[in-house]
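# Sequence and predicted model, in that order:
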Amino acid sequence: MSASTAERPRPADTKKVHITETKMTLKNWYKHVNWLNVTFILGVPIYGVVQSLWVPLQLKTAVWAVLYYFYTGLGITAGYHRLWAHSAYSATLPLKIFLAAAGGGAVEGSIRWWARDHRAHHRYTDTEKDPYSVRKGLLYSHLGWMVMKQNPKRIGRTDITDLNDDPIVVWQHRNFLKVVVVMGLLFPTCVAGLGWGDWFGGFIYAGILRVFFVQQATFCVNSLAHWLGDQPFDDRNSPRDHVITALVTLGEGYHNFHHEFPSDYRNAIEWHQYDPTKWFIWVCKQLGLAYDLKQFRSNEIEKGRLQQLQKKLDSRRAKLDWGVPLDQLPVMEWDDYVEQAKNGRGLIAIAGVVHDVTDFIKDHPGGKAMISSGLGKDATAMFNGGVYYHSNAAHNLLSTMRVGVIRGGCEVEIWKRSQKENSNVDYVRDANGQRIVRAGEQVTKIPEPIATAGAA
Ligand SMILES: [Zn+2]
Ligand SMILES: [Zn+2]
């Protein structure tokens with residue numbers, strides 16, 4: 001090669017373009033498909049369904065298929081997910097072997113591959129680097145990401161040095177095809193065949209169809225658990241809690257909790273919630289097979305729950321009319337206020353705040369005369385017990401009618417002064433910066449009831 005060739009585009013560069021970086025067309029669509037995964041996720045199950053049309057299902061085989069479903073499912077949830085992806089607890093060698101074999105039988109890739117993607121999913125949830133981001137659609141997060149080819153460069157980086165140091169993980173990764181054949185098909189077939197002579201039934205039901213159900217259940221954690229249910233701990237990302245997802249996934253359905261507290265060995269924290277994976281790990285601990293079960297303090301969990309609740313309160317509060325904030329109201333001179341009231345505007349000053357009650361006079365529960373007698377005056381005392389000790393609801397309603405503040409009048413001036421002095425104002429504000437007005441805390445409310453002689 002001469003130096004001049006370096007100037008021209010080299011064919012090697014065009015070959016390096018990953019298929020996912022080219023647009024899918026009628027001519028190249030099949031190149032975008034991951035045919036190996038299509039075979040395992042869709043092709044083989046279709047074959048199983050067709051066979052099941054004439055292969056009779058024996059009761060013993062059915063029971064065995066369900067048991068084996070739970071065993072291989074736990075391999076994923078208790079093994080791949082909580083033990084290896086999240087290190088939520090430690091396992092003894094026998095338990096590790098038990099789980100690595102079970103997870104292999106679920107035919108969802110090796111521990112190393114699965115945990116790597118799952119760590120990226122947690123680290124980059126809902127972003128471009130999330131391997132199964134639900135933002136790309138429910139179907140994509142369920143199986144689209146496996147059926148279509150992925151650009152390996154797109155998926156976020158994660159640290160899996162701990163997994164590379166685990167001999168069980170390394171062995172399973174290197175011998176994965178053997179593990180799949182033995183644990184996915186051979187073993188369930190042999191149990192049914194040697195046990196009660198149902199070789200082909202074992203192959204179809206405990207092998208192929210059971211794999212299909214375990215796979216679909218696991219895929220639900222990536223799709224359904226990011227789509228259906230509540231968000232009691234944080235609603236900035238997609239993970240959600242729902243009992244249906246929990247029922248389908250051996251307890252992985254409390255996914256909002258899980259994304260907040262990923263290294264907790266539990267997904268469900270309430271005793272009545274369905275989390276058989278947690279129960280399994282707990283039993284293993286009692287048997288001495290599992291140890292160092294990680295658990296977040298309930299104090300931390302409650303803080304998250306409370307903050308989310310606060311956020312919901314804030315958004316409900318923001319929908320309500322609390323009146324114009326005091327610092328945004330125009331400042332009026334007392335004489336101007338009196339003048340305007342005299343000229344027929346229904347203005348009433350309470351605690352230094354001017355309210356326009358023109359449209360309210362006829363609706364005043366205490367009668368037209370009472371409210372009219374306060375117009376153009378300082379009605380602070382009248383309103384706060386002088387004539388009638390108004391309710392919290394009355395103070396709330398009054399605040400929606402405020403139109404100005406009087407120079408030198410009460411709280412506003414104090415507030416403005418403290419703003420100038422840059423000292424802390426002890427008003428509590430919500431996430432939107434709105435002042436939180438608790439019951440009995442409206443500015444028009446004077447803490448000590450004023451008994452004025454004039455009212456009597
Ligand atoms: Zn998730
Ligand atoms: Zn997880």
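All right, it came through fine. This structure is a prediction, so every number in the text was calculated from the model and none was measured. Ligands and ions are numbered 1, 2, ... in the order given.
# Helix, strand or coil: sort out residue 120 for me.
Taken by DSSP: H, G, I helix; E, B strand; the rest coil, the conformation at residue 120 corresponds to helix.
# which non-adjacent residue is nearest it?
Leaving aside its chain neighbours, residue 120 sits nearest to residue 156 (4.3 Å; criterion: CB to CB, 6 or more residues apart in numbering). Heads up, the C-betas are built off the backbone N, CA and C, glycines and all.
# Could you pull out the buried residues of the longest helix along the chain?
Identified as the longest helix of the chain according to DSSP state H is helix 298-318. Going by neighbour count (16 or more other CB atoms under 10 Å), the buried part of helix 298-318 is 301, 304-305, 308, 311, 314, 317.
# Which residues are in contact with the residue nearest the centre of the chain?
In the chain, the centroid-proximal residue (CA atoms, centre = their mean) is residue 239; its distance is 3.5 Å. Residue 239 sits next to 125, 225-226, 231, 255-256, 258-259 when contact means CB atoms under 8 Å, 6 or more residues apart in numbering.
# repeat for residue 173
Residue 173 neighbours (CB under 8 Å, 6+ apart): 110-113.
# secondary structure element for it?
Applying DSSP states H and E as the criterion places residue 173 in helix 167-174.
# Can you list the buried residues in that helix?
Neighbour-count burial for helix 167-174, counted by 16+ other CB under 10 Å, picks out 168-169, 172-173.
# Throw these into JSON lines and include distance to residue 287 and pLDDT, thanks.
Shown next, in JSON lines, are the buried residues of helix 167-174 (distance: CB to CB, whole Å; pLDDT from 0 to 100):
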{"residue": "168", "distance to residue 287": "19", "pLDDT": "97"}
{"residue": "169", "distance to residue 287": "22", "pLDDT": "97"}
{"residue": "172", "distance to residue 287": "23", "pLDDT": "97"}
{"residue": "173", "distance to residue 287": "27", "pLDDT": "97"}
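# Go through those and say which is closest to residue 394.
residue 169 (68.1 Å; CB to CB).
# Where does pLDDT dip in the protein?
1-15, 409-427, 447-456 (pLDDT under 70).
# Look up how far residue 73 lies from residue 103.
9 Å (CB to CB, to the nearest Å).
# more neighbours, those two?
residue 103 (32 against 28; other CB atoms under 10 Å).
# Which residue is the nearest non-sequential neighbour of the more buried one?
Nearest one to residue 103, counting by CB to CB, 6+ apart, is residue 75 at 3.4 Å.
# I'd guessed the one you found sits against residue 96; true?
No - Residue 75 is not in contact with residue 96 according to CB atoms under 8 Å; the separation is 11.0 Å.
# Show me which of the two is the more surrounded one.
Legend: neighbour count by other CB under 10 Å for residue 75 and residue 96, higher for residue 75 (25 against 22).
# and the residue nearest to residue 103, what is it in contact with?
Residue 75 sits in contact with 99-106, where contact means CB under 8 Å, 6+ apart.
# And it, how far from residue 402?
Residue 75 is 65 Å from residue 402, by CB to CB.
# Residue 437 too?
Counting by CB to CB - residue 437 and residue 402 are separated by 12 Å.
# residue contacts, residue 398?
Contacts of residue 398 by CB under 8 Å, 6+ apart are 350, 355, 383, 390, 442, 444.
# show me where this structure has strands.
Counting by DSSP state E, the chain has strands at residues 90-91, 290-291, 331-332, 347-350, 353-356, 402-406.
# Same list, these, but as JSON lines with distance to residue 183 and mean neighbour count please.
Formatted as JSON lines, the strands of the chain follow (distance: least, CB to CB, whole Å; neighbours: other CB atoms under 10 Å):
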{"stretch": "strand 90-91", "distance to residue 183": "18", "mean neighbour count": "19"}
{"stretch": "strand 290-291", "distance to residue 183": "21", "mean neighbour count": "18"}
{"stretch": "strand 331-332", "distance to residue 183": "79", "mean neighbour count": "18"}
{"stretch": "strand 347-350", "distance to residue 183": "78", "mean neighbour count": "27"}
{"stretch": "strand 353-356", "distance to residue 183": "75", "mean neighbour count": "23"}
{"stretch": "strand 402-406", "distance to residue 183": "72", "mean neighbour count": "22"}
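# Pop the domain breakdown of this structure in here.
Taking the TED database as the reference, the chain has its domains at 21-308, 326-421.
# how long is the first one end to end?
What that stands for is domain 21-308. 39 Å (CA to CA, to the nearest Å).
# Next: stretch 383-396.
OK, stretch 383-396 end separation, CA to CA: 13 Å.
# Go through that stretch and flag the buried ones.
Neighbour-count burial for stretch 383-396 [16+ other CB under 10 Å]: 383-387, 390, 394-396.
# and if you look at stretch 246-254?
In stretch 246-254, counting by 16+ other CB under 10 Å, buried: 246, 248-254.
# How many residues are close by residue 97?
14.
# Enumerate every residue touching it.
residue 168.
# Could you measure from it over to residue 176?
15 Å.
# I'd like to know which of the domains of the chain lies nearest to residue 430.
domain 21-308 (12.0 Å).
# so how far is that closest one from its chain's centroid?
19 Å (CA atoms, centre = their mean, to the nearest Å).
# Can you give me the distance of residue 375 to residue 364?
For residue 375, the distance to residue 364 - CB to CB - is 11 Å.
# ugh, typo on my part, it should be residue 73
Distance of residue 73 to residue 364, given as CB to CB: 67 Å.
# Make sure the residue nearest to residue 120 is actually in contact with residue 130.
Yes - if you go by CB under 8 Å, residue 156 and residue 130 touch, sitting 7.2 Å apart.
# Give the residue from these two that has the larger number of neighbours.
residue 130 (26 against 17).
# which residues touch that one?
Taking CB under 8 Å, 6+ apart as the test, what residue 130 contacts is 120-121, 124, 156.
# rerun that using 10 Å as the cut-off
Residue 130 sits next to 117, 120-124, 136, 141, 145, 154-156, 222, 226, 237-238 when contact means CB atoms under 10 Å, 6 or more residues apart in numbering.
# List buried residues within the residues you listed.
117, 120-122, 124, 141, 145, 155-156, 222, 226, 237-238.
# Of these, which is the nearest to residue 80?
Distance to residue 80, by CB to CB, is smallest for residue 117 among these, at 10.5 Å.
# gap between the closest one and residue 109?
According to CB to CB, residue 117 and residue 109 sit 8 Å apart.
# any common contacting residues for these two?
Joint contacts of residue 117 and residue 109 (CB under 10 Å, 6+ apart) are residue 146.
# returning to what we had before: can you put the buried residues of stretch 246-254 in TSV and add distance to residue 431?
Listed next are the buried residues of stretch 246-254 as TSV, based on distance: CB to CB, whole Å:
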residue	distance to residue 431
246	30
248	35
249	33
250	36
251	33
252	31
253	29
254	25
